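J.: With the input below, show me the fold.
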Amino acid sequence: MSKTLKIRDLTLRDGQQSSFATRMTQEQINRCLPYYKDAGFFAMEVWGGAVPDSVMRYLGENPWTRLESIHNEIGDISKLTALSRGRNLFGYAPYTDEIIDGFCRNAIQSGLGIMRIFDALNDVDNVKSTIKYVKQYGGIADCAVCYTVDPKYPQLSFWQRLMGKKNPEPVFTDEYFLNKAKQMAALGADMITIKDMSGLIPPARISRLVKLFKQHIDVPIDFHTHSTPGYGLASVFAAIAAGVDVVDTNCWWFAGGTGAPALELVYVFCQKMGIELGVNMEAVDKINKELKVIRKELELSVFGAEKPRPNRFAFSDTADKYFDAAVAAAKAENFDALLEASQKIEAYFGFPAPNELVQKAEIPGGMYSNMVAQLKQLKSEDILPRAMELIPSVRLSAGLPPLVTPTSQIVGAQAVNCAMDEKAGREMYTNKSSQFIGLVKGDYGHTPVKIAPEFRFKICGFREEIPYDTTKYKMQPNPEVPEAGGKLLAANEKEVLLLELFPLVAKNFLTNEKKKEYEAEQAAAAAQAAEDAKAATLAKKEAEEKAAIAAAQVQPITGKTVEAPLPGRIIDVCVKVGDVVKRGQTIVVLEAMKMENNITTNYAGTVKQVIVNVGDAVAANAILAEIE
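T.: Numbers count the residues shown, from 1 in each chain. Model (predicted):
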C-alpha cells in the first residue's frame, strides 16, 4: 500500500457533467479558480467530455477560451486534464491523423497537461494516434481501459440445456483488462486509468485489478468510478488499500449520486490509513463555499428547482465509527463489510442512496435514462421492460461492445427500435440507426467478439467487416458568413477543429461569434447598422411569408406516401420534385433519439411533392413525401 496518493479533481468537468448537465459558466468557474490554485491538486479535469459541446450549445462560450483561461489562472500548479474518445475524439466518426494531430497540438498549447484517452470498444488500435501526438507535443498520455461486465443472459430452459445450448463464455475477465492495459503501456502510455464510467465495479474486483496492474505494468495507475449503483466509495477505498497511485474525486457539493465520490470522505479515510494526499483542505473548504452557491444557481437555472443535497460535512462520533469500520474492513480485505460501512458513511452525510435498478441491470445510469426519455418521446413507455430484456442479445449480436459513450447509446437506442418493431408486428432490426449500422460494419473498430457474418449481412448487406476508411473523410465546409460581412465561418485552426468535431453546434456558435465580431467592427457606423437591422427584419418577415405561402401550396395527397416511423428532425432531403426513385431509395435522413435514420420509399415512381425541409421537426407517421 502506497503512503502517498494523488488526487485528480473532476468537479469542473465530470462533476458538473454528471450532476448539472455541464452548465457551469465561465464566470462561475472563475469564482473557484483562486482557491483551486491554493488547493494544489495533482490534476484537475476541466475539459473534454461534454464540455466543448455544451459551452457552445447552451452557454455561447468558446471551449478554447475556457481551457486557456483556467490555465492562465492555475499555471502548472495542477495538471489540467481532458477526456477524449481516441480516434473519435468527441464525435461518432473516426478522424484522420491530421485532425488528431491538430487537436492534440492546440489543446496542449492551450494549457492541457494530461489527455485521458479511451476507446468505446477498448480497441487499442483506436488510441495509437492520440498517444503519439499527445506525447509529441509534451503532454501526458493517460490511457483508459473501460470497465464493463458481461451481459446477464436469459436463463436457459431445461430443454435448451438438454439440447446442449450454452450461454456465451465470459469475455470481460481480469486477464482481458490486464491485456488491454499492457498493450496501451507498450504503445507509450504514461498512465493507465481503470475507467468505471458506470460505477459497476465492486470493491473486491477493483482491489484485484489494481494489484494485477501494479504487478505487471510499470506506470502509475488511476481509478475512476461513479457512485450511482452504490459501489463507488467502497471501491475507491479498496483501490487505495490495494496501492492505486491516483483516484478521481469531486468536491463535496458536486459529489456522490451520479458523480464520483467526495474528496472529503477519501481524505478522512486516508488520514486513518496513514496516507498523505498533498491537498490543501483549507483551500478545498473555500472551493466548497463557492460550489454550494453555484450548485443552487445551477439547480434553479437547469432544473427549475432545488435538488436534494448532502448534509454539511461535519464530523461526529457516529461518522468516526463508520470510518473506523471501513478502514478495518479495507485492511482485512473484508469487502462485504467495507461496502456496508461505506454506504453507511454516505447515508450519514445525506448522499443519494444506491440506484438498485442500475445495479441489478448492470447498465450505465445515463444509458437507462436515455432509453426512458426516448420511450416517453415515443409515448411507448410500456415497452421499456422488453427493451431492457433485448439489450443482452442486441449487444452480443453487435460484438459485445462495452457500454460506454457512444456504444451504450447506440445499443440502447437499437434495443428500443427492436422493441418498437416487435410491438408493431415487424421483424426486429427493421428500423436501425446509421450509427448501429456503422458499429456492425466496422466503422468504430474491432468489437470484443467477432460479429457473425450473417448478422452483418442482415444489417449492412455484406458479410465481411469493413473498417472506416479515413482517406475518404471530407472536411466540413468553411463558407463565408454573409451576415458577418463575408467573414469565414472558421477563421483559424482552432475554429476549424471546432467545426470538424461539432459540425452543427459549432456552425451555429461560430456564426453567432462572427456576427458579434462584425457588429463590434461596425459600431462606429451606427446609422448604417440600424438600417441593416431593419433590412434583416424585413427579409425575415418576407422569408416567413414565403414559407407560409409555400406551406399553403402543398397539394392534396393522391399518390403513395413516405412517412416518418419515429418523431425526429430532418437533417437531409435526398430527392426533389420530379425525381424518379426506386423502391428502397433514401428520401430523407431523420435524426431521432440522437441517431441518424435513412427513411426510404416502399414504392417506385416519380416524386410528386416533398413535404418537409431540412431542420423541420416531424411527428411519428408524418408524411414526408408523395410518390406517384
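J.: By mean pLDDT, which helix or strand of the chain comes out lowest?
T.: Lowest mean confidence among the helices and strands of the chain (mean pLDDT, DSSP states H and E): helix 526-552, at a mean of 68.
J.: any idea which helix or strand carries the nearest residue in space to residue 106 that is not next to it in sequence?
T.: Closest residue to residue 106 apart from its sequence neighbours, by CB to CB, 6 or more residues apart in numbering: residue 494 at 5.4 Å. Every residue, glycine included, has its C-beta placed from N, CA and C. Using DSSP states H and E, residue 494 sits in helix 493-501.
J.: Render the CA-only coordinates of that helix in PDB, please.
T.: Provided in PDB are the C-alpha atoms of helix 493-501 (Å, rounded to 0.1, in the frame of the first residue of the first chain):
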ATOM      1  CA  GLU A 493      -7.200  26.300 -36.900                       C
ATOM      2  CA  LYS A 494      -8.900  26.100 -33.500                       C
ATOM      3  CA  GLU A 495     -12.200  27.200 -35.100                       C
ATOM      4  CA  VAL A 496     -11.700  24.800 -38.000                       C
ATOM      5  CA  LEU A 497     -11.200  22.000 -35.300                       C
ATOM      6  CA  LEU A 498     -14.500  23.000 -33.600                       C
ATOM      7  CA  LEU A 499     -16.300  22.800 -36.900                       C
ATOM      8  CA  GLU A 500     -14.800  19.300 -37.600                       C
ATOM      9  CA  LEU A 501     -15.600  17.900 -34.100                       C
END
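J.: low pLDDT regions in the chain?
T.: 1-2, 91-92, 524-525, 527, 529, 539, 543-553 (pLDDT under 70).
J.: Just give me the residue right at the centre of it.
T.: residue 405 (4.6 Å; CA atoms, centre = their mean).
J.: tell me the SS of the nearest residue to that one once chain neighbours are set aside?
T.: Distances taken as CB to CB, 6+ apart put residue 120 closest to residue 405, at 6.7 Å, once the chain neighbours are dropped. Following DSSP: H, G, I helix; E, B strand; the rest coil, we place residue 120 in the coil state.
J.: And for the one 10 residues further on?
T.: Residue 130 falls in the helix class when you classify it by three-state DSSP.
J.: Contact partners for the closest residue to residue 380 other than its chain neighbours?
T.: Nearest in space to residue 380, with sequence neighbours left out and distances taken as CB to CB, 6+ apart, is residue 420 at 6.5 Å. Residue 420 makes contact with 378, 380, 383, 431, 566 under the criterion CB atoms under 8 Å, 6 or more residues apart in numbering.
J.: ok, and the most crowded of the residues you listed?
T.: residue 566 (23 neighbours; other CB atoms under 10 Å).
J.: Distance check, it against residue 376.
T.: 13 Å (CB to CB, to the nearest Å).
J.: again with residue 123
T.: Applying CB to CB to residue 123 and residue 376 gives a distance of 33 Å.
J.: more neighbours, these two?
T.: More crowded of residue 123 and residue 376, by other CB under 10 Å: residue 123, with 18 against 11.
J.: you'd agree the more buried one is up against residue 439?
T.: No - with contact defined as CB atoms under 8 Å, residue 123 does not reach residue 439; the gap is 11.7 Å.
J.: Brilliant, that's me finished.
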